[in-house]
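A.B. asks: got a predicted structure plus its sequence, pasted below:
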Amino acid sequence: MIALLRLFRFLRGSGRALALSFGLLLASTALGLVQPRLIEMAIDRGIEEGSPRAILWGAAGIILAAVLAAGLNLASGYALIRSSQRMGYSMRNALYRKVMGFSFENLDRWRTGELMVRLNSDVNTVRMFVRMGMFIIVQSVIMIAGTVVAMYLTDPGLARVMAVFMPLILILFFGVANLIRPLFMRVRIALDALNNTLQENLAGAKLVRAFARQREEIDKFARRNRDLFIISMNVGYKLSLFFPLFFLIAQLATVVVLWSGGTTLISESLSGAAGNLTLGKLIAFNNYATMAMFPLLMLGMVLNFVSMAMASAIRLEALFAERASVQEHPAPRRLPSLRGEIRFEGVSFRYGKGERALDDIHLVVHAGEKLGIIGATGSGKSTLAHLIPRFYDPEQGSVWVDGINVRDLAFDTLRTRIALVLQETVLFSGTVRDNIAFAAPDAPSAELEHAAAVACADEFIELSPEGWNTPVGQRGAGLSGGQRQRVAIARAVAARPDVIVLDDVTSSLDAATERRIIENLYREFQGRTAIIISQKVNTIRHADRIAVMEGGRIADVGTHEELLRINPTYRTIHETQAGIGSEGSASV
Ligand SMILES: Nc1ncnc2c1ncn2[C@@H]1O[C@H](COP(=O)(O)OP(=O)(O)OP(=O)(O)O)[C@@H](O)[C@H]1O
Ligand SMILES: [Mg+2]
């Protein structure tokens, strides 16, 4: 409940609209309470006393009150729709900002499907609670209070009879709600699991087909779907207990009111003693009793709404509470440009509780230097690169850029002045131009074309009929692996960074194209720092210096010739790749 109430902070600024809405609702409900009294008047003064005028007035009053009440109710709903939609809108934006602030480490832990359920379904549940749930609760409470007062005013004796039944119904729906509440959280969790499966499957749709695993994946999905089905059914079964029991109690109440009121009326007329109760009053009372039952029924249904919203609220608050594991310094240093000196001082790092992926790294990359990093798969090359723009923070030691600890630098400086081309190429849907201009949306065409030329992407762009407007599908569909890599390199070059880091991004290219791109990059980045990671000696052999990584450590640093002399691993890699003969296109 607390989590749900805390989410009401997103209603800030809607205070007036909410007050207006509930004010209108109060007025509309109060008008609704007048109706039975008008019926009573029409019967007791009209029918019983034979006055058609009284009947007419009664009927006119009923219509007027009903129309007015409907109008007020409608206005109240409108006022609430705006507030609830605004709440949903700002919650979604806030959650999205939150996720955007996540570090790689946070992203490793939160699964995409889960985040999607939270941003869509959970936000909607909470929003609907504000729109419908709160509306119904307020309306029901007003109606119950109003009808109880009206019943006492109409006939205190009958009101005491009703006093037995109303709490009975309250007990009933709290009981049912208690049965169901824990199930709602399980429904959400099952929904998460289903969405994760769906999302991963769709993302890996081609892989599933490539390995002919559709059957297994369909089964996996069916299992998750079945979990959701069973839990939801369970909720439905328990929920369906409520209605028959409710109607039973409600009918019983009517019967008792009729019996007790009817016998009183009969005995009054037999004894000739005019009592307080009249036929009109009995009918009015019965109307009130029915009117009191209706909000009770609504409350019962809404209680489940509340439980559902509570489960969603807890999940949303958990997401809001997630702290980005890499936090920007509160008063960060912003630099317009970097010289490009990068220093690792005793840096160690591990993913979660795993083995050390980096172990006591000491390394200086001089400003303007071209540094190659080579090492077997899993030796920690990508991890090392990710620490420079603070995708992760080291567990021990520190990373320095231009003599400033990266923890003191603004994200903006780190990530726009340093361009890291990730090992896994990610392109967005759009055109080739959109993708290359991603980090430099205002760059003139000439600059984008230059960047494309550096990455040797111009060749295929110009050859394709639509040129720069060649559409790129989801995750780069429509382009070959090598084309994607070249677009990704061009994207980084177009951003005009002071430091570029290429994480094995020429792996899909033929040796000749690869060599041209590296040469272009050396020329383009003359005076700027470039770090080139690869498993191939040929990719990095002309770098100023080369670092050899082995099992999370830096084994040696030197030029190609020096390493051939001093580092046996490097020599072996070189010999293996040269031995195969074909321009060293084999990997380690
Ligand atoms: N996100 C992650 N979560 C957990 N462990 C990871 C993660 N990324 C990498 N690792 C582990 O850290 C170690 C170093 O991985 P890293 O990606 O840095 O290697 P690499 O040298 O870049 O390899 P490759 O040449 O294959 O790209 C590996 O043992 C790997 O399993
Ligand atoms: Mg890697």
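C.D. replies: Looks like it came in fine. Ligands and ions are numbered 1, 2, ... in the order given.
A.B. asks: domains of the chain?
C.D. replies: 2-321, 342-580 (automatic domain parsing).
A.B. asks: nearest to Leu335, out of these?
C.D. replies: Counting by Cβ to Cβ, Leu335 lies closest to domain 342-580 out of the domains of the chain; the figure is 5.0 Å. (C-beta placed from N, C-alpha, C; glycine too.)
A.B. asks: Ser307 and Phe184 touch, don't they?
C.D. replies: Yes - using Cβ atoms under 8 Å, Ser307 is in contact with Phe184, at 5.1 Å.
A.B. asks: how far off centre is the lengthiest helix in the chain?
C.D. replies: If you go by DSSP state H, the chain has its longest helix at helix 214-271. Its chain's C-alpha centre and that of helix 214-271 lie 34 Å apart, by Cα atoms, centre = their mean, to the nearest Å.
A.B. asks: chain center to the following helix or strand past it, what's the gap?
C.D. replies: Downstream of helix 214-271, the first helix or strand assigned by DSSP states H and E is helix 279-321. How far helix 279-321 lies from its chain's middle: 28 Å, per Cα atoms, centre = their mean.
A.B. asks: repeat that for stretch 402-419.
C.D. replies: 29 Å.
A.B. asks: mind listing what Met291 touches?
C.D. replies: If you count contacts by Cβ atoms under 8 Å, 6 or more residues apart in numbering, Met291 has them with 32-33, 36, 143, 147.
A.B. asks: same for the one helix or strand Arg515 maps to, what does it pack against?
C.D. replies: Here Arg515 sits within helix 511-524, counting by DSSP H and E. Taking 3 or more Cβ pairs under 8 Å, 6 or more residues apart in numbering; DSSP states H and E as contact, the helices and strands that helix 511-524 lies on are helix 445-454, helix 481-494, strand 529-534, helix 537-540.
A.B. asks: and the second one, what other elements does it pack with?
C.D. replies: Other elements packing on helix 481-494 under the criterion 3+ Cβ pairs under 8 Å, 6+ apart are strand 418-421, helix 432-436, helix 445-454, strand 499-503, helix 511-524.
A.B. asks: repeat that for the last one.
C.D. replies: For helix 537-540, the packing partners by 3+ Cβ pairs under 8 Å, 6+ apart come out as strand 370-375, helix 511-524, strand 529-534, helix 568-580.
A.B. asks: show me the contact partners of that helix.
C.D. replies: By Cβ under 8 Å, 6+ apart, helix 537-540 touches 372-374, 506, 511, 514-515, 518, 532, 534, 546, 560, 570, 573-574, 577-578, 583-584.
A.B. asks: among the residues you listed, which ones are buried?
C.D. replies: 372-374, 506, 514-515, 518, 532, 534, 546, 560, 570, 573-574, 577, 584 (16 or more other Cβ atoms under 10 Å).
A.B. asks: looking at the stretch 51-200 of the chain, what residue ends up closest to ligand 1?
C.D. replies: Residue nearest to ligand 1 within the stretch 51-200 of the chain: Asp108 (4.8 Å; Cβ to the nearest ligand atom).
A.B. asks: pull out the buried positions in the strand or helix carrying that residue.
C.D. replies: Asp108 belongs to helix 104-109 when assigned by DSSP H and E. Of the residues in helix 104-109, 105-106 count as buried by neighbour count, 16+ other Cβ under 10 Å.
A.B. asks: go through the following helix or strand past that helix and flag the buried ones.
C.D. replies: Under the assignment DSSP H and E, the closest C-terminal helix or strand after helix 104-109 is helix 112-117. The neighbour-count check on helix 112-117 (16+ other Cβ under 10 Å) flags 113-115, 117 as buried.
A.B. asks: and if you look at stretch 13-32?
C.D. replies: For stretch 13-32, by 16+ other Cβ under 10 Å, it's 14, 17-18, 20-22, 24-29, 31-32.
A.B. asks: which single one of those residues is nearest to ligand 2?
C.D. replies: Ser14 (48.5 Å; Cβ to the ion).
A.B. asks: quick one: pLDDT of the closest one?
C.D. replies: Ser14 is assigned a predicted lDDT (pLDDT) of 82.
A.B. asks: how far off centre is stretch 434-446?
C.D. replies: 29 Å.
A.B. asks: can you show me the CA trace of that stretch as PDB?
C.D. replies: In PDB, the C-alpha atoms belonging to stretch 434-446 read as follows (Å, rounded to 0.1, in the frame of the first residue of the first chain):
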ATOM      1  CA  ASP A 434      20.500   8.300 -39.600                       C
ATOM      2  CA  ASN A 435      22.800   5.700 -38.200                       C
ATOM      3  CA  ILE A 436      26.100   7.400 -39.200                       C
ATOM      4  CA  ALA A 437      24.700  10.800 -37.900                       C
ATOM      5  CA  PHE A 438      23.500   9.200 -34.700                       C
ATOM      6  CA  ALA A 439      26.100  10.900 -32.400                       C
ATOM      7  CA  ALA A 440      26.400  14.000 -34.700                       C
ATOM      8  CA  PRO A 441      22.900  14.800 -35.800                       C
ATOM      9  CA  ASP A 442      23.900  18.400 -36.900                       C
ATOM     10  CA  ALA A 443      27.000  17.400 -38.900                       C
ATOM     11  CA  PRO A 444      27.000  18.700 -42.500                       C
ATOM     12  CA  SER A 445      26.800  16.100 -45.200                       C
ATOM     13  CA  ALA A 446      30.400  16.600 -46.200                       C
END
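A.B. asks: would you mind listing what in this protein touches ligand 2?
C.D. replies: Proximity of the chain to ligand 2, by Cβ under 5 Å from the ion, involves residues 382, 423.
A.B. asks: for ligand 2, give me its nearest residue in the stretch 1-150 of the chain.
C.D. replies: Closest point on the stretch 1-150 of the chain to ligand 2, by Cβ to the ion, is Phe104, at 13.1 Å.
A.B. asks: whoops, I mixed them up, the chain
C.D. replies: Ser382 (3.0 Å).
A.B. asks: lowest-confidence stretch among the domains of the chain?
C.D. replies: Across the domains of the chain, the lowest-scoring stretch is domain 2-321, with a mean of 86.
A.B. asks: and it, end to end?
C.D. replies: Domain 2-321 has an end-to-end distance of 14 Å (criterion: Cα to Cα, to the nearest Å).
A.B. asks: gap between that domain and the chain center?
C.D. replies: 26 Å.
A.B. asks: thinking again about what came up before, now render the buried residues of stretch 13-32 as a markdown table, adding secondary structure and distance to ligand 1.
C.D. replies: Output for the buried residues of stretch 13-32, formatted as a markdown table (DSSP: H, G, I helix; E, B strand; the rest coil; distance: Cβ to the nearest ligand atom, whole Å):
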| residue | secondary structure | distance to ligand 1 |
| --- | --- | --- |
| Ser14 | coil | 41 |
| Ala17 | helix | 45 |
| Leu18 | helix | 45 |
| Leu20 | helix | 51 |
| Ser21 | helix | 48 |
| Phe22 | helix | 49 |
| Leu24 | helix | 54 |
| Leu25 | helix | 52 |
| Leu26 | helix | 55 |
| Ala27 | helix | 59 |
| Ser28 | helix | 57 |
| Thr29 | helix | 56 |
| Leu31 | helix | 62 |
| Gly32 | helix | 60 |
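A.B. asks: mind giving me TSV with these and columns for distance to Phe173?
C.D. replies: Formatted as TSV, those follow (distance: Cβ to Cβ, whole Å):
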residue	distance to Phe173
Ser14	29
Ala17	30
Leu18	26
Leu20	30
Ser21	25
Phe22	23
Leu24	27
Leu25	21
Leu26	23
Ala27	27
Ser28	24
Thr29	20
Leu31	27
Gly32	22
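A.B. asks: closest one of those to Ala419?
C.D. replies: Once Cβ to Cβ is applied, the member of the buried residues of stretch 13-32 that ends up nearest Ala419 is Ser14, at 42.6 Å.
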